[in-house]
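In: using only what follows, build the 3D model:
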Amino acid sequence: MRHALLASLLLLSSCSGAALRANEATTSPSPTAMPRETEEKAPHVFPAPGTDIPRSADRVARAITLVQKALPPLIEEWLRRDGRRRSPLGREVQRGALYQQKLYRGVVAEERRERRVMARLSSRHAHILRRHVRIQERLSALVTPVKPGSIKWKTYRPASPHRLLDFYRKGERRFDVPWEVLAAVNAVETRFGRILGPSSAGALGPMQFMPATWEQYGAGGDIMDPHDSIIAAARYLSASGAPERMDDALFAYNRSNHYVDAILGYANQIMRDPRYYYTYYFWEVFLRTTKGDVQYTGPGRDR
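Out: As a prediction, this is how the structure comes out:
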């Protein structure tokens, strides 16, 4: 299965190229609904969308440290209160995740800056950043920059992270494919359904199926529907060797070792800390153009 959207637009930072470790899986947090009248305003910890990232290594290192310290507990608080995307806390989680994504991309874009920033971080924060950088490099190898303005895709609002999580877990129950792997594929292919295609090769939907492959694995469902597409991806990966031969299954999904490493790294990070699932959910689509990165979706986008 070839996923051409990836080659054009998805330079998404992941976290580790290590083999998938199922024994690291933990239970992901779930939102607890609260009456809207009891909501408190969220403090603005992170810069507003559209704010330029800092340039100096010192300031970048301080910003990365802030995000890596502040975002995980903010996600916990958001889930404990209500988990709604449009709540004050939800919007602040979105701001933090997008700012983190932009900071990481900025580091990856310049090797010299990477070295300088790494030297200014604690060992723990440098280790987290290094994982992202290495996976970013793997995904970058799959991408050819495009001319600014040459890509014109319709964008979509993705299903809620909680609804998608239900679909991933259903796929895991039915086909024994870890839900974290399905989430990682969904993230890398279409940033959780923000871009549904068709790609230049004709792939469609949240998990980017070619129509002929969909005929075989879609079970009569709707290729554009997140539930049907996620379940079909689990069915396809299972038929291709998952979970015992996960590398082979992912290689069948997209015939690139860089892609396999990125998906497994993404999935491993979510297994270590399920809060990363929600962080990645709020990352946006960026295009690599001949004149630099362009934010294509989300608040503060460049178009």
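
In: phi and psi next, for Leu164.
Out: phi -60, psi -40 (degrees, to the nearest 10).

In: burial count for Gly220?
Out: Other residues near Gly220 come to 7 when the count uses other C-beta atoms under 10 Å. To be clear about C-beta, it is placed using only N, CA and C from the backbone, and glycine gets the same treatment.

In: equivalent analysis for Trp153, please.
Out: By other C-beta under 10 Å, neighbour count at Trp153 equals 18.

In: now it: how far from Gly197?
Out: Note on Trp153: its distance to Gly197, by C-beta to C-beta, to the nearest Å, is 8 Å.

In: confirm that Val294 sits in a strand.
Out: Yes: looking at Val294 with DSSP: H, G, I helix; E, B strand; the rest coil, it is inside a strand.

In: thinking it is in contact with Pro148, fair?
Out: Yes: assessed by C-beta atoms under 8 Å, Val294 is found in contact with Pro148 at 6.6 Å.

In: of the two, which one has the most company?
Out: The neighbour comparison of Val294 against Pro148 (other C-beta under 10 Å) goes to Val294, with 18 against 14.

In: any idea how far the more buried one lies from Leu287?
Out: 5 Å.

In: so for the residue nearest to Tyr168 when sequence neighbours are not counted, what's the pLDDT?
Out: The shortest distance from Tyr168 to any non-neighbouring residue, by C-beta to C-beta, 6 or more residues apart in numbering, is to Trp179 (3.7 Å). Per-residue pLDDT puts Trp179 at 98.

In: surely Tyr156 touches Arg191?
Out: No: using C-beta under 8 Å, Tyr156 is not in contact with Arg191; the gap is 10.0 Å.

In: which SS class is Glu77?
Out: helix.

In: kindly report the same for Leu287.
Out: strand.

In: check Gly202 too.
Out: Criterion first, three-state DSSP; result for Gly202: coil.

In: for Glu244, same thing?
Out: Under three-state DSSP, Glu244 comes out as coil.

In: ok, now the one 5 residues further on?
Out: With three-state DSSP as the basis, Ala249 sits in helix.

In: I figured it hits Leu237, correct?
Out: Yes: using C-beta under 8 Å, Ala249 makes contact with Leu237 at a distance of 4.4 Å.

In: which neighbours do these two share?
Out: Taking C-beta atoms under 8 Å, 6 or more residues apart in numbering as the contact rule, Ala249 and Leu237 both touch Val177.

In: what about the two, which has more around it?
Out: The neighbour comparison of Ala249 against Leu237 (other C-beta under 10 Å) goes to Leu237, with 27 against 21.

In: just the buried residues of stretch 93-111, please?
Out: 93-108 (16 or more other C-beta atoms under 10 Å).

In: and which of these is nearest Gly300?
Out: Leu98 (7.2 Å; C-beta to C-beta).

In: wait, what's in contact with that closest one?
Out: 49, 282-284, 298-300.

In: of these - the most surrounded one?
Out: That'd be Phe282 among these, by other C-beta under 10 Å, with 25 neighbours.

In: any idea which helix or strand carries the nearest residue to that residue once chain neighbours are set aside?
Out: Take Phe282 and drop its neighbours on the chain: the residue closest to it by C-beta to C-beta, 6+ apart is Ala97, 3.5 Å away. According to DSSP states H and E, Ala97 maps onto helix 88-108.

In: just give me how far the next helix or strand after that helix sits from the chain centre.
Out: Toward the C-terminal end, the helix or strand that comes next after helix 88-108 (DSSP H and E) is helix 111-119. Centre-to-centre, helix 111-119 and its host chain are 24 Å apart (C-alpha atoms, centre = their mean, to the nearest Å).

In: and the helix or strand just after helix 111-119, what does it pack onto?
Out: Next along the chain after helix 111-119, taking DSSP H and E as the criterion, comes helix 123-140. Counting contacts by 3 or more C-beta pairs under 8 Å, 6 or more residues apart in numbering; DSSP states H and E, helix 123-140 packs against helix 57-81, helix 88-108, helix 111-119, helix 257-272.

In: brilliant, that's me finished.
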